[in-house]
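> predicted model and sequence below, questions to follow.
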Amino acid sequence: MSKTYDVAVLVGSLRRESLNRKMAHALAAIAPEALRPSIVEIGPLPLYNLDLEAAPPPAWTEFRTRIKAADALLFVTPEFNRSVPGALKNALDVGSRPYGQSVWNGKPGAVISVSPGAIGGFGANHHLRQSLMTLNVPTMAQPEAYIGGAGDLFGADGAITKEATLKFLQGFMQAFAAWVARNAGA
């Protein structure tokens, strides 16, 4: 029997009907059997402040526990001002503290950026990769995934309507499953 990997999915947009949240659900629907993706909410996390570590907010503790239990990480993010949204950066900070107790350490990851614009969140994708390198998250290099024109990508049921994009995303998820299998617990 092959292993099933618990994948924590972090969506950079907090909006209920965001294109990135739709993408996260679409990716979960087409994930290979070896992956069990589930969205981990980042909206409830109070802003990171070292002063709060004496009595960490329950939302921090729950988040850290959930990420620590995950085998792998999938980041689905929009681009805000050529970077990642503040909520996603805050989640990275909350999970990386206190110093020496990062819940991100060594977990294989992948990044997909989604935007209605033409360049598909390229800036956010690469900015996030820089932070993940610092956090020791081995991040899948290929295939890169910048999904532009996402405003016309989803049907009423949330499924991907463009066959070429669906095929690309299926390949992305297959590659991610292989990446996780090679790097989880390494």
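Received the coordinates, thanks. Bear in mind that the values here come from a model prediction, so they are computed numbers and not experimental data.
> just the strands in the chain please.
Counting by DSSP state E, the chain has strands at residues 5-11, 35-39, 72-77, 109-114, 146-147.
> in its sheet, what does the shortest one sit against?
Using DSSP bridges, the strands paired with strand 146-147 are strand 109-114 (parallel).
> same check, this time on the second one
Counting by DSSP bridges, the strands paired with strand 35-39 are strand 5-11 (parallel).
> and the strand it pairs with, what's buried?
Using 16 or more other Cβ atoms under 10 Å as the test for burial, strand 5-11 gives Y5, V7, A8, V9, L10, V11. (C-beta placed from N, C-alpha, C; glycine too.)
> in the protein, which residue is closest to the centre?
Note on the chain: the residue nearest the mean C-alpha position is F75, at 1.4 Å, using Cα atoms, centre = their mean.
> OK, contacts around that one?
F75 sits next to V9, L10, G12, L88, G109, A110, V111, I112, L128, L132 when contact means Cβ atoms under 8 Å, 6 or more residues apart in numbering.
> so the residue lying closest to the third one once chain neighbours are set aside versus H127, what's the distance?
Spelled out, it's G12. Leaving aside its sequence neighbours, G12 sits nearest to T77 (Cβ to Cβ, 6 or more residues apart in numbering; 3.1 Å). To H127, T77 is 9 Å away according to Cβ to Cβ, to the nearest Å.
> the two: which is more packed in?
Legend: neighbour count by other Cβ atoms under 10 Å for T77 and H127, higher for T77 (27 against 20).
> which strand residues bridge that one?
S113.
> surely the residue nearest to G12 touches V84?
Yes - if you go by Cβ atoms under 8 Å, T77 and V84 touch, sitting 5.5 Å apart.
> overlap in contacts, the two.
Shared contacts of T77 and V84 (Cβ under 8 Å, 6+ apart): G12, A124, L128.
> can those go into JSON lines with extra columns for neighbour count?
JSON lines is the format used below for the shared contacts of T77 and V84 (neighbours: other Cβ atoms under 10 Å):
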{"residue": "G12", "neighbour count": "28"}
{"residue": "A124", "neighbour count": "26"}
{"residue": "L128", "neighbour count": "26"}
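> identify the residue nearest L19 in space, chain neighbours excluded?
Nearest one to L19, counting by Cβ to Cβ, 6+ apart, is A150 at 4.4 Å.
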